[in-house]
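Participant: need a structure here:
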Amino acid sequence: MKRSLSRPAAALALAVLGAGLRYAPAADDSGPANTLTADEAKAGWKLLFDGHSLAGWHNFKREGVRAGWQAKDGTLACVDPRNAGDIVTADEFAWFELSIEYTISKGGNSGIMFHVTDAGRTAWATGPEVQLQDNADAHDPQLSGWLYQLYKSADDPKTGRPIDATRPAGEWNRVRVVIAPPPGRSSVTMNGVTYFEFVFGSAEFKDRIARSKFRSMPDFAKSGRGHLALQGDHGAVAFRNVKVRPIPASAADGQ
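Facilitator: Below is the predicted model of the structure:
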């Protein structure tokens, strides 16, 4: 039976369509958390968190994981940002589709970075960051789901404010990040709402970097592959269902 959208979801869908963005309700999980379905495994998806351990992760430019990060209650959790730092995957990825769920504390701030290398002093000196925060109470003007200082969601024509598909602090959100081999279009989707699309490494992409704070960082977004990173920054944040699907370099796009 086809399900109708709830009133809040229907209102969001209308706002998204009015702003020229694509809307697709987030799919429900069909199995236990932190597992792959048979179809996902067949399609080439890989789990980056098994729900029980920190295997496959380490702190940026360090061995092991600091005590502020824990495998807790089936989540990869930053429980103490003062003793956490950014963690990165053991593996590196070039072109990929990432599906990840997060929940964040009131006023919390975190992020997902990609193409992170050891060339920079910090992870964000090389890897572009998808911002994660509690939009209601955090203080960063870069909202959750935006590619930090580079791309943002379109404005809602009714309110004049950027479309915000995030759920309140303490609730789970699902983010889909596609970094496609050029000339394919990369994108970030929040809870089923595609916020923006771009071509990695294009002239337009480089122009946005030149107008951002990253223009002074010589290694920013220069690598075509690198680690994925999760930021242990301000406030508690937890992740689950962290899944990645590599995209062949020959693919036209990541959709």
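Participant: how about N109, phi and psi?
Facilitator: Dihedral pair for N109: phi -140, psi 130, per degrees, to the nearest 10.
Participant: touching, it and A169? I think so.
Facilitator: No. Look at N109 against A169 with CB atoms under 8 Å: they stay out of range, at 11.1 Å. (Glycine included, C-beta is placed from N, CA and C.)
Participant: overlap in contacts, those two.
Facilitator: Common neighbours of N109 and A169, using CB atoms under 8 Å, 6 or more residues apart in numbering, are D134.
Participant: list the contacts for R66?
Facilitator: Going by CB under 8 Å, 6+ apart, R66 touches N59, N83, A84, G85, G232.
Participant: mind running it again at 6 Å?
Facilitator: Contact analysis of R66 by CB atoms under 6 Å, 6 or more residues apart in numbering lists N59, N83, A84, G85.
Participant: wait, S223 sits on H115?
Facilitator: Yes. Counting by CB atoms under 6 Å, S223 touches H115, with 5.1 Å between them.
Participant: so where is the stretch 151-255 of the chain shaky, pLDDT-wise?
Facilitator: Counting by pLDDT under 70, the ranges of the stretch 151-255 of the chain that qualify are 252-255.
Participant: re the thing from before, which one's more surrounded, S223 and H115?
Facilitator: Using other CB atoms under 10 Å, the more surrounded residue of S223 and H115 is H115, with 23 against 17.
Participant: leaving out the residues flanking it, which one is nearest to that one?
Facilitator: Computed as CB to CB, 6 or more residues apart in numbering, the closest residue to H115 that is not its neighbour in sequence is G226, at 3.8 Å.
Participant: the one you found pairs with what?
Facilitator: Beta-bridge partners recorded for G226 (DSSP bridges): F93.
Participant: great, nothing more from me.
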